[in-house]
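In: next comes the sequence, and after it the predicted model I'd like to discuss.
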Amino acid sequence: MSTDPTPIEAPADDNGFMRPPMDFQTRRMRWNSMRRHAVNHLVTGLALLSTLLVIAPLVAILAYLIYKGASSLNMAFFTQIPAPVGEPGGGMANAILGSGIILALASSMGIPVGIAAGVYLAEYGRGRMLAMAVRFTADVLNGVPSIVMGIAIYSLIVMRQMHFSAFSGGVALAIMMVPTITRTTEEMLATVPHAVREAALGLGVPKWRTVVSVSLRTASPGIITGCMLAFARVAGETAPLLFTAFGNQFWSYKLNEPIAALPLQIYIYAISPYDEWHRLAWAGSLVLILMIMMSVTLVRIYAGRGALKGAS
Amino acid sequence: MPQTSSSSQMDSAVVSQDAPPVHAPAIASFVPDAGPTAQDGPPSPVRQYLSTRGNGGLADKTFAAAMLVCALSIFVIVLFILTVLILRSKLSLAQFGFHFFSGSDWDPVSGSFGALPFIFGTLATSLLALALAVPLALGVAVFLTELCPAKLRAPISFLTELLAAIPSVVYGLWAVFVLVPIMRDQLGPLLYQYLGWTGFFEGYNFGVGLLTASIILAIMILPIISSIARDIMLAVPVSQREAVLALGATRWEMIRTGVLRNARIGIVGAVILGLGRALGETMAVTMVIGNHPGISKSLFAPGYTLASVIANEFTEATGDLYLSALIEIGLALFLVTIVVNAIARALVWAVTRGAPARVH
Amino acid sequence: MGVGIDVEHLNAWYGATHTLQDINLNIPANHATALIGPSGCGKSTFVRCLNRMHETNPIARATGVVKMGEIDIYKDASPVEIRRRVGMVFQRPNPFPTMSIYDNVASGLKLNGFRNKAILDETVERSLKAAALWEEVKDELKKKSGASLSGGQQQRMCIARALAVDPEVLLMDEPASALDPVSTSKIEDLIFQLKSQYTIVIVTHNMQQAARVAENTGFFLNGKMVEFNSTHMIFTNPADKRTEDYITGRFG
């Protein structure tokens, strides 16, 4: 205790109030300050550690995927259909084609509807109760588990038609794309300055043309990105395809027949007991991820082309 | 039109009297030669064309109606899903009523269906995944918004969002061939040795089971929670931070009182959104949870979730009652995730409303 | 050629706010008419009523008669048709950010479906010349975005864009308020030029500007038009005490 500086009697000021002692060097205060800074450093360290912990599995997954996938890839993978059990070789050509067909189908339905709904929210529904309700429903739909979407479409389409089909798979994925696209479209349109719309309206351009050629065009980079995010998300979906597209070991490109899809094939091979199929599952995963990333990058490049000097 | 001042036309003006402009600027350099208007002849082709264009009223109405229909279709989709799930699960709803969710016997052969083991499996894995993911996700969000050097911010955000782009089935594949062996041979025995006394780590450890499923789930929901939490923390005004820093707070104290306290409702929303995602996650969990309906205290034990029982048994379901029971599970999952998401969205909106729209 | 505008008993509201109260006014053809007054006096609302831009705001409405030549713009035509004949230049330059300079100027025609390339080229050149911008941009018409020009250039491009549809009336809502003095003087020179061919209505809070470019001036205060007369009379011998107070800087 003797190291404590003697407390100084606080002088009373003119009004007779007591001031606290102006001394930062009491032991308690020093200890307090040390503790506060220690906690500060500890938390900083923890935040850094958790960031590393989060990045670690990502790196682990990607590295392992590339290692395993690349060593299993060969030309046959892209040109042949699956080999019968026990025979070596074979590929996933039919699954790649099938995924392409299902995704094209889903995009052709989901993207227009999603963008149109976003246009309604941003350009027509501002401030209306209906728009609020649609926005909320879209957010809720976004959270519906994909497996539920699968059985809903099964009950709605497959049960009625009495057979699995590429079409029903496309519908399931299309519905999953809509809410993401709607909400990004709305957000991106909201960033278009009101003055730009006024400029077009002031020239006597009808509202629909203003929306299409001015609002949507100005917001198009963001909207395209939103569509790509939605596309990337459904491209890897397996659960909604289990009871709709169903999968197929052979070539199939008819919309009303069961069709193979890359994620489905990966799933079937991954849970199989055969080493040969496990290798194909790794190769399939690598191809799937590369396809998703490539299509996203391609669209980004394409969307960025033709931009003018100085355009914002 | 000649470039004289307009005094020659003054006479025709309704009100004006005399008064030439106070100051006539020197302008001769850019007088248009003829001007867009043909002076006294027929109207210019441009004006002629525009006068024939009509008012676009019909096109406008059609377009607005089309946009409205698409917006309403979102309602219709949700209603359709709900209706069809209720209709197709009527058989099971009528037969079991509420006992469906309290019965723990799932035996398709004898026609006895109780969903309790699946509810247990779903809740156990989701909550455990949250417990693992939330602290990490918040750590990442805090790191990205408050501590990270500006140069690293974009790449790290990109990396964490890349986690969200990996398909569920690829996570599952990785879990089956990498995570399961680690759980079986390294982490599992370690947990048994040091934490076995708690009773949570007992019995045979095959590597598949509740714990493995929870870990893969945690990895999958991390990016969602951290990116939403980050957006919410960014929405806290700088003035709030500065106010706390100005009082001599350390950086952590600033984060705790200036940022986390202001953003807490939104962060809860982000966590609940993560929960919604975990509850419905199917493929990766199905691949590593063991798929055995049972309720066990040990996290090494195999389990089953609502989503994975549908994935596994739906196409093999024979008999209307079996199918109906599985669809009822889907209905339950649908309703639960709707409620969970509605709550989460309401919380997130409450915080980010008025904040600038997020640009991806 | 321009056309005169007769306004009778014009009233306008934003929600519950009565922003324009019984405005009566004759705007002569082929002259520049300035509207002055303090902020919030209703002068901007007034010009927005002349091409029915006022009603693009869902909470806004207007009643009364606005006659353009023989046409009552609120009865005999749709907003779209009126806006093609009554061009507007806004307070801040508002180029279409994704369009080239050429497309910006041609937008009024292209977005209305006009496809004749020869006439488009000719119109763009003539409009840019009329807006005194041609020499500065003619080499990069299709390469450069309209948004990459300087503020003053953007505003002149917006004037060219409005001229390209060959309107009869040109409304200008404080067209120079966001610009530097050099650009402002260019815009004023331009207005001085254009008024021989178009009926121009210019809103301004800058009294010198009104004096420089307009033959006639109206003074607005609290949603009412206090006085309308030749610019010379308004500035040298105002009839109303409130006009005099405003002009001499006693309020506003």
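Out: It's in.

In: which residues of the stretch 51-200 of chain B fall in strands?
Out: In the stretch 51-200 of chain B, the segments counted as strands under DSSP state E, counting those that start in this stretch are B:106-107, B:112-113.

In: right, and those strands - which one's nearest chain C?
Out: strand B:112-113 (53.8 Å; CB to the nearest CB). For glycine as for every other residue, the C-beta is placed from the backbone atoms N, C-alpha and C.

In: so what strands line up beside that closest one?
Out: strand B:106-107 (antiparallel) (DSSP bridges).

In: need the winner for burial among the strands of the stretch 51-200 of chain B.
Out: Ranked by mean neighbour count, the strands of the stretch 51-200 of chain B are led by strand B:112-113 with a mean of 18 (mean count of other CB atoms under 10 Å in any protein chain shown).

In: hmm, who's touching that strand?
Out: B:92, B:96, B:100, B:103, B:105-107, B:321-322, B:325 (CB atoms under 8 Å, 6 or more residues apart in numbering or on different chains).

In: only alpha carbons, please: show stretch C:164-172 as CSV.
Out: C-alpha atoms of stretch C:164-172 as CSV (Å, rounded to 0.1, in the frame of the first residue of the first chain):
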residue,chain,number,x,y,z
ALA,C,164,-33.9,17.3,-80.1
VAL,C,165,-37.6,16.4,-79.9
ASP,C,166,-38.4,19.8,-81.4
PRO,C,167,-40.7,21.1,-78.6
GLU,C,168,-42.8,24.2,-78.8
VAL,C,169,-42.1,25.2,-75.2
LEU,C,170,-39.0,24.9,-73.1
LEU,C,171,-39.3,24.9,-69.3
MET,C,172,-36.1,25.4,-67.4
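
In: can you give the distance of that stretch from its chain's centre?
Out: Centroid separation for stretch C:164-172 versus its chain: 8 Å, with CA atoms, centre = their mean, to the nearest Å.

In: quick one: the helices in chain A, in order.
Out: A:27-72, A:75-79, A:93-119, A:129-142, A:146-153, A:159-161, A:166-190, A:194-202, A:207-210, A:216-235, A:262-270, A:275-304 (DSSP state H).

In: the longest one to helix A:275-304, inter-axis angle?
Out: It stands for helix A:27-72. 110 degrees (axes from the mean of the first three to the mean of the last three CA atoms, to 10 degrees).

In: quick one on the thing from earlier: dump the strands of the stretch 51-200 of chain B into a markdown table; add mean pLDDT as well.
Out: Shown next, in a markdown table, are these (pLDDT from 0 to 100):
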| stretch | mean pLDDT |
| --- | --- |
| strand B:106-107 | 88 |
| strand B:112-113 | 88 |
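
In: what is the rounded mean pLDDT of whichever strand or helix holds B:Val336?
Out: Applying DSSP states H and E as the criterion places B:Val336 in helix B:320-352. Over the span of helix B:320-352, the pLDDT mean works out to 88.

In: got it, and stretch B:200-207?
Out: 82.

In: enumerate the residues of the stretch 151-252 of chain C near chain B.
Out: Taking CB under 8 Å from any CB of the partner chain as the criterion, the stretch 151-252 of chain C approaches chain B at residues C:163-166, C:185, C:188-190, C:192-193, C:195-197, C:211-216, C:228-233, C:235.

In: on that earlier part again, of all the helices of chain A, which one is nearest C:Thr204?
Out: Nearest to C:Thr204 among those is helix A:194-202 (18.4 Å), distances taken as CB to CB.

In: may I have that closest one as CSV, with CA atoms only?
Out: The C-alpha trace of helix A:194-202 is given here as CSV (Å, rounded to 0.1, in the frame of the first residue of the first chain):
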residue,chain,number,x,y,z
HIS,A,194,-35.0,9.7,-59.5
ALA,A,195,-33.7,12.6,-61.7
VAL,A,196,-32.8,10.1,-64.4
ARG,A,197,-36.4,8.8,-64.6
GLU,A,198,-37.7,12.3,-64.7
ALA,A,199,-35.4,13.1,-67.6
ALA,A,200,-37.0,10.4,-69.6
LEU,A,201,-40.6,11.1,-68.5
GLY,A,202,-39.9,14.8,-69.3
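
In: quick one, what contacts residue 57?
Out: Using chain A here. A:Pro57 touches B:163, B:219, counting by CB under 8 Å, 6+ apart.

In: meant chain C actually
Out: C:Tyr14.

In: try 7 Å
Out: C:Asn57 makes contact with no residue, according to CB atoms under 7 Å, 6 or more residues apart in numbering or on different chains.

In: packing partners for the strand or helix carrying B:Val46?
Out: Assigned by DSSP H and E, B:Val46 belongs to helix B:45-51. For helix B:45-51, the elements it packs on are helix C:117-130, judged by 3 or more CB pairs under 7 Å, 6 or more residues apart in numbering or on different chains; DSSP states H and E.

In: the helix it packs on and chain B, any residue contact?
Out: Yes - counting by CB under 7 Å from any CB of the partner chain, contacts between helix C:117-130 and chain B involve C:119, C:123, C:126-127, C:129-130.

In: mind putting the residues you listed into a markdown table with pLDDT and distance to chain A?
Out: As requested, the residues of helix C:117-130 next to chain B are exported to a markdown table (pLDDT from 0 to 100; distance: CB to the nearest CB, whole Å):
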| residue | pLDDT | distance to chain A |
| --- | --- | --- |
| C:Ile119 | 91 | 17 |
| C:Thr123 | 93 | 13 |
| C:Arg126 | 91 | 17 |
| C:Ser127 | 92 | 12 |
| C:Lys129 | 90 | 19 |
| C:Ala130 | 88 | 16 |
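
In: can you list those in CSV and add neighbour count?
Out: Compiled in CSV, the residues of helix C:117-130 next to chain B are given as follows (neighbours: other CB atoms under 10 Å in any protein chain shown):
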residue, neighbour count
C:Ile119, 16
C:Thr123, 25
C:Arg126, 24
C:Ser127, 27
C:Lys129, 21
C:Ala130, 27
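
In: of the residues you listed, closest to chain B?
Out: Checking the residues of helix C:117-130 next to chain B one by one against chain B (CB to the nearest CB), the nearest turns out to be C:Ala130, at 4.2 Å.

In: sort out which of the residues of the stretch 151-252 of chain C next to chain B are in strands and list them.
Out: Using DSSP state E, the subset of those located in strands is C:216, C:228-230.

In: among those residues, which two are most distant?
Out: Of all pairs in those, the most separated under CB to CB is C:Phe228 and C:Ser230 at 9.3 Å.

In: just the buried members of the ones in strands among the residues of the stretch 151-252 of chain C next to chain B?
Out: C:216, C:228-230 (16 or more other CB atoms under 10 Å in any protein chain shown).

In: any idea how far the closest residue to B:Ala64 other than its chain neighbours lies from A:Val211?
Out: Leaving out its chain neighbours, the residue that sits closest to B:Ala64 by CB to CB, 6 or more residues apart in numbering or on different chains is A:Tyr124, at 5.8 Å. Using CB to CB, to the nearest Å, A:Tyr124 is found at 9 Å from A:Val211.

In: neighbour-wise, which of those two wins?
Out: Using other CB atoms under 10 Å in any protein chain shown as the criterion, A:Tyr124 and A:Val211 rank with A:Val211 on top: 23 against 18.
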